[in-house]
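*Asks:* Just to be clear, the model below is a prediction. Sequence and coordinates:
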Amino acid sequence: MQPLIDNARTFGQRPEEFAQLAQGQSPQVLFITCSDSRVVPALITGARPGELFELRTAGNIVPPYACAHPTSEAATIEYAVEVLGVHDIVVCGHSHCGAVGALVRGDDLDAVPAVRDWLAQADPRPTGAVEDPEVAEGVQAHVLTQLLRLRSYPFIERKLKARQLSLHAWYYEVHKGAVHVHSPETDTFEAL
């Protein structure tokens with residue numbers, strides 16, 4: 001913890017770098033990814049403060065849209081699209097994902113009921129090679145499912161039809177630092 005505290009103390013000593021951020025934000029991209037500490041969107045993309053609007057959830061799950069019972073995730077997505085006017089949404093899964101791995105393996109999550117109930121929203125449950133520590137196949141299928149889920153949000157469907165929004169599926173290899181993007185033409189994840 002101490003190195004984090006030390007950096008936080010010196011971070012604000014460059015106010016000229018941050019003054020313009022007080023004027024507001026206008027990110028072009030909503031980046032939805034896992035809460036995993038090894039996945040750092042700004043590090044992966046090189047984005048500066050104000051360039052990415054981020055949504056981090058366990059297993060980068062996009063919950064079903066239900067305006068009668070809104071979630072913080074749905075509110076974040078709606079705000080990014082309707083208020084900030086992002087032009088692109090990236091759903092980025094990653095190798096060695098504990099959440100997707102638990103789903104692929106069918107792990108017993110009764111000891112962590114909040115995690116179990118959250119991951120139950122990953123319907124259909126991703127499949128893949130149970131013995132693969134990278135969980136690559138399962139994560140990639142899961143990312144594509146989350147894109148389909150996004151398409152079911154009425155405001156996203158409307159923006160897609162108007163060609164005001166694009167959706168992107170990424171797969172990040174934490175052990176290599178490599179990013180792969182889904183190609184609809186080949187239905188494969190290819191090096192970015």
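*Replies:* Ah, there it is.
*Asks:* switch to C-alpha atoms for all contacts and neighbour counts from now on
*Replies:* Fine.
*Asks:* Skipping its backbone neighbours, what lies nearest H87 in space?
*Replies:* Nearest-residue entry for H87: L165, 4.7 Å, with adjacent residues in sequence omitted and distances by C-alpha to C-alpha, 6 or more residues apart in numbering.
*Asks:* quick one, what contacts that neighbour?
*Replies:* Contacts here follow C-alpha atoms under 8 Å, 6 or more residues apart in numbering; on that basis L165 touches 86-89, 156, 159.
*Asks:* which SS class is L167?
*Replies:* Secondary structure state of L167, per DSSP: H, G, I helix; E, B strand; the rest coil, is strand.
*Asks:* what is it paired to in the beta sheet?
*Replies:* Beta bridges link L167 to I89, judged by DSSP bridges.
*Asks:* residues contacting it?
*Replies:* 88-91, 147.
*Asks:* Among these, find me the one that's closest to P70.
*Replies:* Each of the contacts of L167 was scored against P70 by C-alpha to C-alpha, and L147 proved nearest at 18.6 Å.
*Asks:* Wait, that closest one touches I89, no?
*Replies:* No - L147 is beyond contact range of I89, at 9.1 Å (criterion: C-alpha atoms under 8 Å).
*Asks:* Look at these two and report which has more neighbours.
*Replies:* Legend: neighbour count by other C-alpha atoms under 10 Å for L147 and I89, higher for I89 (25 against 18).
*Asks:* Quick check: the gap between that one and D187.
*Replies:* Computed as C-alpha to C-alpha, to the nearest Å, the I89 to D187 distance reads 18 Å.
*Asks:* Please apply the same query to A129.
*Replies:* 19 Å.
*Asks:* Over to V40?
*Replies:* Taking C-alpha to C-alpha as the measure, V40 falls 26 Å from D187.
*Asks:* how about the longest helix seen in the chain: buried residues?
*Replies:* For the chain, the helix with the greatest residue count under DSSP state H is helix 136-151. Residues of helix 136-151 classed as buried under the neighbour-count rule (16 or more other C-alpha atoms under 10 Å) are 136-147, 149-151.
*Asks:* any idea how far the helix or strand just after that helix is from the chain center?
*Replies:* Tracing the chain C-terminally past helix 136-151 and defining elements by DSSP states H and E, one meets helix 154-161 next. How far helix 154-161 lies from its chain's middle: 19 Å, per C-alpha atoms, centre = their mean, to the nearest Å.
*Asks:* which residues are contacting the lowest-mean-pLDDT helix or strand in the chain?
*Replies:* Ranked by mean pLDDT, DSSP states H and E, the weakest helix or strand in the chain is helix 15-18, scoring a mean of 77. Contacts to helix 15-18, defined as C-alpha under 8 Å, 6+ apart, come from no residue at all.
*Asks:* Sketch out the strands for the protein, chain order is fine.
*Replies:* When assigned using DSSP state E, the strands of the chain occupy the ranges 29-34, 52-57, 88-94, 166-173, 178-183, 188-191.
*Asks:* Quick one: closest of those to V112.
*Replies:* Among these, strand 52-57 comes nearest to V112, with 15.9 Å by C-alpha to C-alpha.
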